[in-house]
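> Below are the sequence and a predicted model; questions follow.
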Amino acid sequence: MSAEFLVAREVSYRYPGRRGIQPAPVLSHLDLALCEGEFFCLLGPSGCGKTTVLNLMAGFLQPTAGVLTLAGRPIERPGADRTVVFQGEDALFTWLRTIDNVAFGLRMRGVPQQKRHAIAREYLHLVHLDGQESKYPSELSGGMKQRVQIARVLATDPHILLMDEPFGALDAQTRGRLQDELVEIWRKTGKTIVFITHDIAEAVLLADRVGVMTSGPGAQVGAIVPVDLPRPRRRSSPGFGEMWERINAMIESEQVDVS
Amino acid sequence: MTELSPTRQDHPPGALTSLRLPELLGKIKGEHLIYIASIMGMIVLWHLIATNFFKPQFFPGPLLVLATGEEMVASGELFEHVGISLQRILTGFLIGSAIAAPAGLIMGSVPFVRAIFDPYAQFFRFVPSLAWLTPVVLWFGIGEISKILIIVYTTVFIVLINTMVGVAHIAPNKLRAAACLGATPVKTFLHVTLPATLPFILTGMRLAMGNSFATVVAAEMIAADSGLGYLIFNSRLWMATDKIFIGIVCLGALGLITDRFFRYLVVRFAHQYGPIE
């Protein structure tokens, strides 16, 4: 694994000011390097700028300073090589059936309908949504909607999946099931995953490495913690609790430093 | 990896599967009975008040209005008025919507275009069509064009403003999702902005349809010799209050029927774009 796949170097971001007032930077001099194929969790308290990092990686925002590169090429705009799974279910296209939501990226590429539906069905199978292809998003549960989002981004065969607290709004049971399924999908597809969460247990459960963000303004990735627990992991696995405590201590000491 | 609660997954909340046909029929029947009872009651009340307290020229009762209506149907007069009014309304409404919906989509999506046209939209939407009657007749004559233009004018601003609101209401996540799935700005416009805004366009069209019915009376004040507006306006000269009532009843009934029909078309062909009501 080379640690030069997705790289953020000296990245700062500041939202545009109004009436001459310059707001404090959300991120300042953030450095990060991801390996190809790894499952990376970006962990931090609410409002610290995790989503801003993801928006920069996706190309929705441009850094005010510094540079982000994917496989050596600078990230300048959104692209189908870095697809995003959003927290909100409002990211689904409510007027399209499940299968056409999943096939959307392929349609944008001009893949003919029969072929893109065949591909979409494969990915619906991968996320355990067989038989749901002709339902509209409003007819699906919250967990199923997030599965559709995952299938939709996988169908475009991206290099990286960017996931912004995708399970944050789900009940605990559904969340646990989707966490397991996501690890399984990651193993089957070998995609690089950037997963944002504020839940330490979720990060320990999923990640190869956890990037712990400092609290903003001017947030950075304070520490990178490799999680070398064997998979499949359970909250009861040996070492899980210690890992949780270690990361929790980091976040707490960080917050004490700031306040 | 298996589903722990397949029943919940099969019947998500909000699905239409829980409505049973007998229940549905029972519900509709009960509601309809109340509708019918309410309308009958109102007609009886109308009859009692009109016959007991007023002269027929002042406030005609339902029986008189019905008799006049029958006469007008028999002579073909009523259908002529209804037909021509409906034609004007629909032509103006369709032309107005066809102009306003694309204009609203583009103004909503392109800030540069919005900056150019928004001041006019915001200004003229407060000027009622009635205010334009005389200039429109001066410029376009007293023919059909003037009447249809007045209805186009009424329709345009309602549909335009609704469409722009619709564009502003698109969840940013949808636009971002489209962008990261490889949609170009033009494709995002066609495949996300347009379908996501459709419920707002259709709602705007429904509102505009109501206003078109109101405006047809004004439009037919322009030296018309036919149409429900003409019927109402001309009957004034003869104190033919019963004929005015026929015009009023026809406008209301036609409006109701076209609105139901419009709603039926939306539910039948565009239900996936969002609820209407």
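Thanks, I have the structure now. Numbers count the residues shown, from 1 in each chain, chains lettered A, B, ... in the order given.
> isn't residue A:69 right next to residue A:75, touching?
Yes - Residue A:69 is within contact range of residue A:75, at 6.6 Å (criterion: CB atoms under 8 Å). Yep, even glycine has a C-beta here, placed from its N, CA and C like the rest.
> Pick out whichever of those two has more residues nearby.
Neighbour count, other CB atoms under 10 Å in any protein chain shown: between residue A:69 and residue A:75, residue A:75 has more, with 21 against 15.
> contacting residues for that one?
By CB atoms under 8 Å, 6 or more residues apart in numbering or on different chains, the contact set of residue A:75 is A:56, A:57, A:59, A:68, A:69, A:82.
> Now tabulate those in a markdown table and tack on secondary structure and pLDDT.
Shown next, in a markdown table, are the contacts of residue A:75 (DSSP: H, G, I helix; E, B strand; the rest coil; pLDDT from 0 to 100):
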| residue | secondary structure | pLDDT |
| --- | --- | --- |
| A:56 | helix | 93 |
| A:57 | helix | 94 |
| A:59 | coil | 93 |
| A:68 | strand | 92 |
| A:69 | strand | 91 |
| A:82 | strand | 92 |
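> got any ranges where the stretch 1-150 of chain A has weak pLDDT?
Counting by pLDDT under 70, the stretch 1-150 of chain A has low-confidence residues at A:1-3.
> Chain B now?
Using pLDDT under 70, the flagged stretches of chain B are B:1-28, B:275-277.
> and the residue nearest to the spatial centre of it, what are its phi and psi?
Residue closest to the mean C-alpha point of chain B, counted by CA atoms, centre = their mean, is residue B:209 at 2.4 Å. With angles defined as degrees, to the nearest 10, residue B:209 sits at phi -60, psi -40.
> Leaving out sequence neighbours, find the closest residue to it.
Using CB to CB, 6 or more residues apart in numbering or on different chains and skipping residues adjacent in sequence, the residue nearest residue B:209 is residue B:93, 5.8 Å away.
> I'd guessed that neighbour sits against residue B:153; true?
No - Residue B:93 sits out of contact with residue B:153 when judged by CB under 8 Å, with a separation of 11.3 Å.
> So these two - more neighbours on which side?
residue B:93 (26 against 20).
> that's a strand at that one, yeah?
No - under DSSP: H, G, I helix; E, B strand; the rest coil, residue B:93 sits outside any strand and is assigned helix.
> Who are the contact partners of it?
So residue B:93 contacts B:151, B:155, B:205, B:208, B:209, B:212 (CB under 8 Å, 6+ apart).
> Residues of the stretch 151-277 of chain B that sit close to chain A?
Residues of the stretch 151-277 of chain B lying close to chain A by CB under 8 Å from any CB of the partner chain are B:171, B:173-174, B:176-184, B:187, B:191-192, B:195-196, B:198, B:272-274.
> circling back: among the contacts of residue B:93, which pair sits farthest apart?
Spatial extent of the contacts of residue B:93 (CB to CB) is set by the pair B:151 and B:205 at 13.0 Å.
> What count of nearby residues applies to residue 85?
No chain in the question, so chain A it is. So residue A:85, with other CB under 10 Å, has 26 neighbours.
> Can you look at chain B instead?
The number of residues packed near residue B:85 is 28, by other CB under 10 Å.
> residues contacting it?
Here residue B:85 is in contact with B:216, B:220, B:227, B:228, B:229, B:251, B:254 (CB under 8 Å, 6+ apart).
> at 6 Å instead, please
Shown in contact with residue B:85 (CB atoms under 6 Å, 6 or more residues apart in numbering or on different chains): B:216, B:227, B:228.
> is it true that residue B:230 touches residue B:220?
Yes - checked against CB atoms under 6 Å, the pair residue B:230 and residue B:220 is within contact range at 4.6 Å.
> I am finished for the moment; much appreciated.
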